[in-house]
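1. The sequence and its predicted three-dimensional model are supplied below.
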Amino acid sequence: MSGKQREEISIGEDSFLDTIANLVGILIILVVIVGSRSYATAKAEAEEKIRSELKTQDSPIAKSNRIGLDLQKQFDELNEYDREIAFRDSERIAIVDRVTMAERMAEEEIKSLDDQDREHFESDLEMSDLQKQLADLIKQQGNLSELEPTTAVLQHLPTPMAKTVFGRELHIMMRGGTVAVIPWERLIETLKSEARRSAERNSQKSRFVNQLGPIDGFIMTYGLRSQSGIMSDGSTARLARSIELEKFELETTPEVIQESVEQTLGTGGRLRVELSTSVAQHTTVTVWVYPDSFSQFRLLKERLFTEGFLCAARPLPFNIKIGASPKGSASTAQ
């Protein structure tokens, strides 16, 4: 092969390689350009997305301001509630004061009346209350025009003015709908004799508690207080020791006799026996009544009223025992 042919082949090979290299370079440049554009586009889209999300969200300052406004609104509402409560309290106190004043005026007006006028006044009040109850019952029943007319009979038990009991007093207990006669006088007499002996046995104590009974099914628990000091009888003074009763309470045993209202007022009943030896005008029946016997107490009171006996009620809750003390109040009979 001549030198000219070798030179032409060499030139042809160089031209082909240059073309290949140029194509590869162009492809690389295209890849770089496309990659850079894709990165820029993705970056722009991400930034745009972040900016849009930031626009939809409140800044920390705006959120803090909004929370502060909500707290201030709640604080204002609480202040408004406090003012409303204070106003209602003052309004309630004013109403209570007016009611108290009206009650005092009514009491003074009643005191100024004589016995007969007071009795008429009490009877009118009770009759007015019964009429109001009847009107409420009629209203609750609704329209009665379609019902057959009936005659309502109101049983009216006059309530005289109450007065403190000074005469003989019979004590009974009403619980569970039954009546038990309390041997009150026998218990008191036994207490007088037992208290002296109990004080002698407990001479070194300033206060002591003891029991006596049972008497007709009742046990008495009593407390005594001992006190020493200078005492005078009006002419001479000397050192002495006194025994005072603090209080006593009664409780029943299974042996206590309990009767219905009909049984105790019937022939041979315990209360009937006691009433037969008493004068109605000078005897008061004091009833220690528990909540489950209020209806029976009403019946007993009506029966005693027809026989001329005064009746004194001593309502008690279930957790309180029958008892008395020197600081207690006397019974009030009607």
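-> Right, received. Where do you want to start?

2. looking only at pLDDT, what's the mean for stretch 195-206?
-> Mean pLDDT, computed over stretch 195-206, is 74.

3. Then stretch 296-316?
-> Mean pLDDT, stretch 296-316: 86.

4. same deal with stretch 273-283?
-> 83.

5. Span of it from start to end?
-> One end of stretch 273-283 sits 14 Å from the other (C-alpha to C-alpha, to the nearest Å).

6. and for that stretch, what are the contacting residues?
-> Here stretch 273-283 makes contact (C-beta atoms under 8 Å, 6 or more residues apart in numbering) with 167-170, 181, 285, 307-310. For every residue, glycine as well, the C-beta is placed using N, CA and C.

7. buried set for it?
-> For stretch 273-283, the neighbour count (16 or more other C-beta atoms under 10 Å) marks 274-275, 278, 283 as buried.

8. Filter those residues down to the ones in helices?
-> Secondary structure from DSSP state H places 274-275 of these in helices.

9. Now distance to Arg51 too, for the buried residues of stretch 273-283, in CSV please.
-> Output for the buried residues of stretch 273-283, formatted as CSV (distance: C-beta to C-beta, whole Å):
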residue, distance to Arg51
Glu274, 103
Leu275, 103
Ser278, 105
Thr283, 102
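
10. which two in the buried residues of stretch 273-283 are spaced the farthest apart?
-> With C-beta to C-beta as the measure, no two of the buried residues of stretch 273-283 lie farther apart than Glu274 and Thr283, at 8.9 Å.

11. Show me the strands in this structure, by range?
-> Using DSSP state E, the strands of the chain run over residues 163-164, 168-175, 178-182, 207-215, 218-232, 237-252, 283-289, 310-315, 322-324, 332-333.

12. Put together TSV for the ones you listed, with distance to Ala94 on each row.
-> Below are the strands of the chain laid out as TSV (distance: least, C-beta to C-beta, whole Å):
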stretch	distance to Ala94
strand 163-164	35
strand 168-175	41
strand 178-182	47
strand 207-215	47
strand 218-232	45
strand 237-252	41
strand 283-289	37
strand 310-315	32
strand 322-324	40
strand 332-333	32
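
13. give me every residue that touches the closest residue to Arg272 other than its chain neighbours.
-> Using C-beta to C-beta, 6 or more residues apart in numbering and skipping residues adjacent in sequence, the residue nearest Arg272 is Leu265, 5.5 Å away. Applying C-beta under 8 Å, 6+ apart to Leu265 gives the contacts 271-272, 300, 303.

14. So which of those residues sit within helices?
-> Per DSSP H, those map to helices at 271-272, 300, 303.

15. Determine which two of those residues are furthest apart.
-> Farthest pair in the ones in helices among the contacts of Leu265, by C-beta to C-beta: Arg272 and Leu300, 12.0 Å.

16. Quick check: Tyr290 touching Met174?
-> Yes - taking contacts as C-beta atoms under 8 Å, Tyr290 lies within contact range of Met174: 6.7 Å.

17. So between these two, which is more surrounded?
-> Neighbour totals were compared for Tyr290 and Met174, and Met174 leads with 25 against 18 (other C-beta atoms under 10 Å).

18. thinking the more buried one is in contact with Val289, fair?
-> Yes - assessed by C-beta under 8 Å, Met174 is found in contact with Val289 at 4.4 Å.

19. How many residues are close by Glu259?
-> Glu259: 19 neighbours (other C-beta under 10 Å).

20. Relative to Val273, how far out is it?
-> Counting by C-beta to C-beta, to the nearest Å, the separation of Glu259 from Val273 is 11 Å.

21. Point out where the stretch 1-150 of the chain drops to low pLDDT.
-> For the stretch 1-150 of the chain, applying pLDDT under 70 flags the ranges 1-14, 54-60, 111-118, 121, 140-150.

22. can you pull out the helices in it?
-> Ranges of helices in the stretch 1-150 of the chain, per DSSP state H, counting those that start in this stretch, are 3-56, 60-111, 115-141.

23. can you pull the buried residues of the shortest one?
-> Judged by neighbour count using 16+ other C-beta under 10 Å, the buried positions of helix 115-141 are Glu122.

24. Any idea how far that helix is from the middle of the chain?
-> Distance of helix 115-141 from its chain centroid, counting by C-alpha atoms, centre = their mean, to the nearest Å, is 29 Å.

25. go on, the longest one?
-> A distance of 91 Å separates the centroid of the chain from that of helix 3-56, by C-alpha atoms, centre = their mean.
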